[in-house]
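**Q** Starting from these lines, generate the structure:
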Amino acid sequence: MPAADSLTIHEILHLLELAGVAVFAVSGALMAAEKRMDPFGFVVLGTVTAIGGGTLRDLVLGGGPVFWVDQPDFLMVCIVVSLPVFWLARLLRSVQTSLLWFDALGMAMFTVTGTHKALAMGAPGVVAGTMGVMSAAFGGILRDVICGERPLLLHSDVYATAALAGAILLVQADALGLSPMTANWGAFALIFVIRAGAIRFGWSIPSYKP
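**A** Now for the predicted structure:
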């Protein structure tokens with residue numbers, strides 16, 4: 001692939017990761033609104049949610065500093081996005097519903113960036129897919145555990161399955177040599193549509209019944 005194309009893809013993925021951090025920071029801050037925290041709590045919960053998945057991904061993959069240590073602009077985005085939610089959350093009709101939609105957007109973005117980063121480092125397809133799901137879900141798990149909530153990952157509605165579908169699409173596209181840009185946007189759309197269907201229509205996976 002020409003260097004110019006690689007640079008373009010790198011820039012798009014960087015912007016997508018920044019957007020994912022911002023969206024996940026909002027979802028964390030909305031949970032802080034649900035729990036009636038102070039402004040500091042909004043920033044802490046928003047930051048933990050936003051960088052948790054990517055931090056675990058980078059620690060597992062190795063190969064350099066954790067992304068927000070090397071690029072502190074991610075931390076600045078967390079603070080700048082989380083704090084205003086302290087005053088703006090009350091304008092929302094339903095904080096809980098808004099949280100779900102922001103979480104869905106963040107999941108789609110981080111699955112794409114997490115899977116792509118693992119593939120770029122030469123990880124096998126199954127590892128890259130796992131890293132994509134881990135990047136998408138772990139921040140939300142931390143958010144829910146800190147707030148004493150049952151993690152969305154453990155609910156019966158379709159959640160991590162959406163991220164897994166997008167990660168598989170990216171891995172297969174990479175194996176077939178398809179355009180990374182097309183694959184990335186296709187995976188993003190697939191994840192968001194599946195998760196949106198779960199939120200809107202209550203799609204779920206059968207749970208264990210003794």
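
**Q** Could I get the buried residue list for the helix ranked longest in the chain?
**A** Looking across the chain with DSSP state H, the single longest helix is helix 3-34. For helix 3-34, the neighbour count (16 or more other Cβ atoms under 10 Å) marks 9, 12-13, 16-33 as buried. No exception for glycine: its C-beta is placed from N, CA and C like everyone else's.

**Q** Stretch 125-133 now?
**A** So stretch 125-133, judged by 16+ other Cβ under 10 Å, has buried residues Gly125, Val127, Ala128, Gly129, Thr130, Met131, Gly132, Val133.

**Q** Kindly export the particular helix or strand that has Phe138 in it (C-alpha atoms) in CSV.
**A** Element membership for Phe138, per DSSP states H and E: helix 125-146. Output in CSV follows, covering the C-alpha atoms of helix 125-146 (Å, rounded to 0.1, in the frame of the first residue of the first chain):
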residue,chain,number,x,y,z
GLY,A,125,-6.8,-12.9,13.4
VAL,A,126,-8.3,-14.5,16.5
VAL,A,127,-6.1,-12.4,18.8
ALA,A,128,-6.9,-9.2,16.8
GLY,A,129,-10.6,-9.9,17.1
THR,A,130,-10.3,-10.5,20.8
MET,A,131,-8.4,-7.2,21.2
GLY,A,132,-11.1,-5.4,19.3
VAL,A,133,-13.9,-6.7,21.6
MET,A,134,-11.7,-6.1,24.6
SER,A,135,-11.1,-2.5,23.6
ALA,A,136,-14.8,-1.9,23.1
ALA,A,137,-16.1,-3.6,26.2
PHE,A,138,-13.6,-3.2,29.0
GLY,A,139,-14.1,0.5,29.7
GLY,A,140,-17.8,0.0,30.1
ILE,A,141,-17.2,-2.9,32.4
LEU,A,142,-15.0,-0.7,34.6
ARG,A,143,-17.6,2.0,34.6
ASP,A,144,-20.4,-0.4,35.6
VAL,A,145,-18.3,-2.1,38.3
ILE,A,146,-17.2,1.1,39.9
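
**Q** Remind me what it packs against, helices and strands.
**A** helix 3-34, helix 39-61, helix 95-120, helix 160-176 (3 or more Cβ pairs under 8 Å, 6 or more residues apart in numbering; DSSP states H and E).

**Q** wait, which of the ones you listed is closest to Ile146?
**A** helix 39-61 (6.6 Å; Cβ to Cβ).

**Q** pLDDT of whichever helix or strand comes after that closest one, averaged?
**A** Note on helix 39-61: by DSSP H and E, the next helix or strand toward the C-terminus is helix 67-70. The average of the pLDDT scores along helix 67-70 is 90.

**Q** buried stuff in the helix or strand following helix 67-70?
**A** Downstream of helix 67-70, the next assigned helix or strand under DSSP H and E is helix 73-88. By neighbour count with 16+ other Cβ under 10 Å, helix 73-88 contains the buried residues Phe74, Val77, Cys78, Val81, Ser82, Leu83, Val85, Phe86.

**Q** What is the longest helix of the chain packed up against?
**A** helix 39-61, helix 73-88, helix 95-120, helix 125-146, helix 180-201.
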